[in-house]
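Undergrad: here is my input, please return the structure:
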Amino acid sequence: MGTSSGRRVGRPRAAQRPDSGLEPRAELLVAAAELFTTRGYAATTTRAVAERAGMRQASMYHYVSGKEELLAELLESTVTPSLSYARELLADDVTPAEERLRALCRADVELLCAGPHNLGALYLLPEVHEERFAGFRAVRAELKDAYRQLIAATAAGGVLAKGELELRTDLVFGLIEGVILIHRSEPERRIDEFARATADAALRIAGV
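TA: Numbers count the residues shown, from 1 in each chain. A predicted model of the protein is given here:
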């Protein structure tokens with residue numbers, strides 16, 4: 001039996017998020033980023049992501065296979081732009097390594113701090129070690145190796161023993177990835193100023 005208003009009968013479309021103009025897949029990624037970083041990945045259901053994105057759970061599977069795919073894409077979005085830039089910097093045989101290392105540090109910090117959600121916290125999830133997220137781990141490892149190569153190419157890095165080089169790389173990379181936590185505690189700080197100060201600290205760790 002129909003209704004006098006002619007409205008569609010059935011479960012209503014979720015309407016928690018206003019129309020953003022994003023494509024459905026992008027809307028799901030925004031919703032997942034918010035929920036994964038506020039509620040936790042394990043505690044977030046696919047239904048919650050779908051409803052936060054303003055769609056039914058069944059409709060969500062037209063765009064993604066599940067929340068694992070969303071997590072994988074969110075993780076990779078935090079490293080792939082920096083890796084692309086790092087490859088450009090490594091191919092530059094004119095600019096001093098110190099300047100290239102500084103540029104990578106600043107760009108990486110700006111990327112991590114630019115979003116509304118602390119996606120860097122997702123690195124700590126135990127699920128990240130599963131085979132499903134091997135792609136992210138491989139990209140992150142290549143980015144870390146780019147840092148190592150740039151540090152090694154500096155005047156200070158060129159005289160480091162292998163073990164010391166690896167330690168400096170770990171410390172610099174850990175600083176860059178950890179700044180998101182500091183920035184979230186002081187969100188009024190301008191990102192460009194924060195990135196510059198972090199890059200300065202990273203270069204001091206590297207011995208530059």
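
Undergrad: contacts for the helix or strand harbouring Leu35?
TA: Per DSSP states H and E, Leu35 falls inside helix 24-38. With C-beta atoms under 8 Å, 6 or more residues apart in numbering as the test, helix 24-38 has contacts from 17, 20, 22, 44, 48-50, 52-55, 59-60, 62-64, 67, 70-71, 73-74, 115-119, 121-122. Any C-beta I mention is one placed from the backbone N, CA and C, and that applies to glycine too.

Undergrad: show me just the buried residues among those.
TA: 17, 44, 48-50, 52-55, 60, 63-64, 67, 70-71, 73-74, 115, 117-119, 122 (16 or more other C-beta atoms under 10 Å).

Undergrad: inside helices: which ones of these?
TA: Ala48, Val49, Ala50, Arg52, Met60, Lys67, Leu70, Leu71, Glu73, Leu74 (DSSP state H).

Undergrad: which two of those have the greatest separation?
TA: Spatial extent of those (C-beta to C-beta) is set by the pair Ala48 and Glu73 at 17.5 Å.

Undergrad: the helix or strand of the chain with the lowest mean pLDDT vs helix 24-38, what angle?
TA: Sorting the helices and strands of the chain by mean pLDDT, DSSP states H and E puts helix 162-185 at the bottom, at a mean of 90. Note on geometry: by axes from the mean of the first three to the mean of the last three C-alpha atoms, to 10 degrees, helix 162-185 and helix 24-38 are set 90 degrees apart in direction.

Undergrad: after helix 162-185 comes which helix or strand?
TA: helix 191-206.

Undergrad: buried residues in that following helix, which are they?
TA: Within helix 191-206, the residues that qualify as buried by neighbour count (16+ other C-beta under 10 Å) are Ile191, Phe194, Ala195, Arg196, Thr198, Ala199, Ala202, Leu203, Ile205, Ala206.

Undergrad: next one: stretch 176-188
TA: Ile176, Glu177, Val179, Ile180, His183.

Undergrad: over to stretch 103-119?
TA: 103-113, 115, 117-119.

Undergrad: okay, that stretch in CSV with CA atoms only?
TA: What follows is stretch 103-119, C-alpha atoms only, in CSV (Å, rounded to 0.1, in the frame of the first residue of the first chain):
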residue,chain,number,x,y,z
ALA,A,103,62.5,19.9,1.8
LEU,A,104,61.3,16.4,2.3
CYS,A,105,60.9,16.8,6.0
ARG,A,106,58.8,20.0,5.6
ALA,A,107,56.6,18.5,2.8
ASP,A,108,56.0,15.3,4.8
VAL,A,109,55.1,17.2,8.0
GLU,A,110,52.7,19.5,6.0
LEU,A,111,51.0,16.4,4.5
LEU,A,112,50.6,14.7,7.9
CYS,A,113,49.3,17.8,9.6
ALA,A,114,47.0,19.1,6.8
GLY,A,115,44.1,16.8,7.3
PRO,A,116,41.3,17.2,9.9
HIS,A,117,42.0,13.8,11.4
ASN,A,118,45.1,12.2,13.0
LEU,A,119,45.6,9.5,10.4
